[in-house]
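Asks: The following block contains a protein sequence and its predicted model.
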Amino acid sequence: MDSTKSMQWPTAEMIASVCSPAPGYRYEVLRQETVSELITALGAWQTGWSVGAASVYLREDYYKADVFLEGGPQKDVFVMLIRQGDELAGMLSQERIVDALSLYASLAVLAPAHRGGKSLEFQGDYLEEIAKLMGLEYVYALATLKHRGSQRYFESHGYKLVGFVPGYDREEVSPGVVKRVVEAAYAKCLVEGEAILSPDISNMTSTVRRLYEVIYATAPATRAV
């Protein structure tokens, strides 16, 4: 059985029904006709994206190969636009990891004019709601350390800071100068209790155990008998 058949990306209306956008804004699933508009906007909003994971969103071939476009075949990457009237105010990209029943929050970008304050606050956690609509059980993301916005979002919606990924991605920090960067890793598990297997501390090095006990202080590991 093809498990992807039960994991169809939701419509903009379905998402809005469980996680309303801020007043005056609306969701729109990316279409073939709006790909060029998004690429142009991202290039203007983020002028340093010549390298790194996010740079794929400036390439039209990425959308053809990997991104679900409304009315087209299901693919693993889903891009939702945010509009205020006809104006493109932001975009949100997610990736499904089918066999792990997981959702990776790969990118969120707002137009400069719509950043800051609470004008674009969602009425809930859109990532969790998308995951639930698709039957997924786990949501994770990497948050930039260049500003606190995404960190605050994840922490205010119950995500756990599980560590840092040093050197995972690349950024052009000044013209022609590219460096690897540190990002914060956040996660939210949508199942609880007996659905989660506690690891055996006897399988951990002392370093791993110390960090595990700091991060999961309320969910201690078990010890083999």
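Replies: Sure, I can see it. Numbering: from 1, shown residues only.
Asks: On the three-state scheme, the spatially closest residue to A53 that is not a sequence neighbour is what?
Replies: The shortest distance from A53 to any non-neighbouring residue, by C-beta to C-beta, 6 or more residues apart in numbering, is to D169 (5.2 Å). No exception for glycine: its C-beta is placed from N, CA and C like everyone else's. Here D169 is strand, with the state taken from DSSP: H, G, I helix; E, B strand; the rest coil.
Asks: Tell me how far D169 lies from Y57.
Replies: 13 Å (C-beta to C-beta, to the nearest Å).
Asks: quick one, which of these two is more surrounded?
Replies: Y57 (23 against 15; other C-beta atoms under 10 Å).
Asks: what sits against that one?
Replies: 38-39, 42, 49, 93, 107 (C-beta atoms under 8 Å, 6 or more residues apart in numbering).
Asks: Going along the chain, name the helices of the chain.
Replies: Using DSSP state H, the helices of the chain run over residues 12-18, 35-45, 60-66, 126-134, 149-156, 206-215.
Asks: of all these, which lies closest to G163?
Replies: In terms of C-beta to C-beta, the element of the helices of the chain nearest to G163 is helix 206-215, at 7.3 Å.
Asks: Convert that closest one to CSV, retaining C-alpha atoms only.
Replies: Taking C-alpha atoms only, helix 206-215 is exported to CSV below (Å, rounded to 0.1, in the frame of the first residue of the first chain):
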residue,chain,number,x,y,z
SER,A,206,28.0,9.6,29.9
THR,A,207,28.0,12.7,27.6
VAL,A,208,24.8,11.6,25.9
ARG,A,209,23.1,10.8,29.2
ARG,A,210,23.9,14.2,30.7
LEU,A,211,22.4,16.0,27.8
TYR,A,212,19.4,13.7,27.6
GLU,A,213,18.6,14.3,31.3
VAL,A,214,18.9,18.1,30.8
ILE,A,215,16.6,18.1,27.8
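Asks: from the middle of its chain, how far away would that helix be?
Replies: Centroid separation for helix 206-215 versus its chain: 26 Å, with C-alpha atoms, centre = their mean, to the nearest Å.
Asks: what do you get for stretch 183-201?
Replies: That offset, for stretch 183-201, works out to 17 Å (C-alpha atoms, centre = their mean).
Asks: Could you shift the numbering so residue one becomes 96, and keep it that way?
Replies: Will do, 96 is the new start, and the previous item becomes stretch 278-296.
Asks: Any buried residues in it, and which?
Replies: Using 16 or more other C-beta atoms under 10 Å as the test for burial, stretch 278-296 gives 278-283, 296.
Asks: Turn the helices of the chain into a markdown table, including mean pLDDT and mean neighbour count.
Replies: Formatted as a markdown table, the helices of the chain follow (pLDDT from 0 to 100; neighbours: other C-beta atoms under 10 Å):
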| stretch | mean pLDDT | mean neighbour count |
| --- | --- | --- |
| helix 107-113 | 96 | 15 |
| helix 130-140 | 97 | 15 |
| helix 155-161 | 98 | 13 |
| helix 221-229 | 97 | 21 |
| helix 244-251 | 94 | 16 |
| helix 301-310 | 94 | 12 |
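Asks: Show the contacting residues for the residue nearest to A148.
Replies: Contacts for D264 (C-beta under 8 Å, 6+ apart) come out as 147-148, 237, 275-276, 278.
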